[in-house]
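Engineer: Just to be clear, the model below is a prediction. Sequence and coordinates:
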Amino acid sequence: MTKSFSYAKNTSVHVVGSFSASAQDYAKAVYALETRQGAAVSTNDLAERLGVTPGSVSAMVRKLAEVGLVEHEPGSSRRA
């Protein structure tokens, strides 16, 4: 089962410097993939783009969701 998530389109403005370079890379990749695909981004798609494991993606996505940068849909099998 592939987990999907999307860039939160209605996020408030955050200070970029307050996030690690890794978190910024993930957020940028989510945005780029979602913009290109026009749909939620799968964990596997993001892992492939960043050259990391799906488990690493899941951990970072949970962190990004906690601060409102992405909307996470755990257990969703929706694909772009």
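Structural biologist: On my side now, so go ahead. Source: prediction; values computed, not measured. Residues are numbered from 1 along each chain as shown.

Engineer: Can you give me the end-to-end span of stretch 31-42?
Structural biologist: 12 Å (Cα to Cα, to the nearest Å).

Engineer: Now it: buried residues?
Structural biologist: Buried residues in stretch 31-42, counted by 16 or more other Cβ atoms under 10 Å: Y31, L33, E34, A40, V41, S42. C-beta here means a position set from N, CA and C on the backbone, and glycine is covered the same way.

Engineer: Quick one: distance of it to the chain centre.
Structural biologist: Centre-to-centre, stretch 31-42 and its host chain are 9 Å apart (Cα atoms, centre = their mean, to the nearest Å).

Engineer: as a whole number, average confidence for it?
Structural biologist: The predicted model assigns stretch 31-42 a mean pLDDT of 90.

Engineer: follow-up on the earlier one: return the member of the buried residues of stretch 31-42 nearest to V61.
Structural biologist: V41 (9.3 Å; Cβ to Cβ).

Engineer: roughly how far apart are that closest one and S18?
Structural biologist: Separation of V41 from S18 (Cβ to Cβ, to the nearest Å): 23 Å.

Engineer: How about V52?
Structural biologist: Applying Cβ to Cβ to V52 and S18 gives a distance of 22 Å.

Engineer: Next: G38.
Structural biologist: Applying Cβ to Cβ to G38 and S18 gives a distance of 29 Å.

Engineer: between V52 and S18, which one's more packed in?
Structural biologist: V52 (16 against 9; other Cβ atoms under 10 Å).

Engineer: Assign the more buried one to helix, strand or coil.
Structural biologist: In three-state terms, and counting by DSSP: H, G, I helix; E, B strand; the rest coil, V52 is coil.

Engineer: Can you report phi and psi for it?
Structural biologist: Main-chain dihedrals, V52, degrees, to the nearest 10: phi -130, psi 180.

Engineer: For A59, the count of nearby residues, please.
Structural biologist: The number of residues packed near A59 is 12, by other Cβ under 10 Å.
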